[in-house]
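1. I would like the atomic coordinates for the input below:
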Amino acid sequence: VTPIELMPNLSRELNKNRNNNNDGDVKLWIKRDDMLGLTGGGNKTRKLEFTMADAIEKYGADTIITCGAVQSNHCRLTLSACIKENLKCILVLEERVPGSYKADATGNNYLFQLL
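-> Down below sits the predicted model:
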């Protein structure tokens, strides 16, 4: 479940600039995709919820294979989802930019090793 949070300061500012047309006060809410879990993924996490459920429920998958660049957010999130669901994960990482892969790299490449 994605948390929804009221944005009182921005709502207040929007109400200051409104015409008095009796439509009521603006109450702006934000959907907190950054709170979806895994390793911070927003809309990619939402898509993975559906694709992982399909893989497990429809196909009885025990292993997920995906590919992406060496610093791929999609690969990081897929690996996190696999760990959460106790599935094996095979990442096919492509060095799309020559010299971009480094065994001691930071960022997603480092997180792949930690997860």
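2. remind me which residues of the chain are low pLDDT?
-> 1, 17, 19-24, 33-42, 106-115 (pLDDT under 70).
3. which parts of the longest helix seen in it are buried?
-> Counting by DSSP state H, the longest helix found in the chain is helix 43-57. By neighbour count on 16 or more other CB atoms under 10 Å, the buried set for helix 43-57 is Lys44, Thr45, Leu48, Met52, Ala55. For glycine as for every other residue, the C-beta is placed from the backbone atoms N, C-alpha and C.
4. ranges for the helices of the chain?
-> Counting by DSSP H, the helices of the chain are 8-16, 43-57, 73-85, 108-114.
5. mind checking which of those is nearest Leu93?
-> helix 73-85 (6.7 Å; CB to CB).
6. pipe the buried residues of helix 43-57 into JSON lines and attach distance to Cys89 per row.
-> JSON lines is the format used below for these (distance: CB to CB, whole Å):
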{"residue": "Lys44", "distance to Cys89": "15"}
{"residue": "Thr45", "distance to Cys89": "15"}
{"residue": "Leu48", "distance to Cys89": "12"}
{"residue": "Met52", "distance to Cys89": "11"}
{"residue": "Ala55", "distance to Cys89": "11"}
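7. picking that back up, can I get the helices of the chain in JSON lines including distance to Ile65?
-> Below are the helices of the chain laid out as JSON lines (distance: least, CB to CB, whole Å):
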{"stretch": "helix 8-16", "distance to Ile65": "42"}
{"stretch": "helix 43-57", "distance to Ile65": "10"}
{"stretch": "helix 73-85", "distance to Ile65": "9"}
{"stretch": "helix 108-114", "distance to Ile65": "14"}
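8. just checking, Lys88 touches Ala61?
-> No - in this structure, Lys88 is not within contact of Ala61 by CB atoms under 8 Å, at 9.3 Å.
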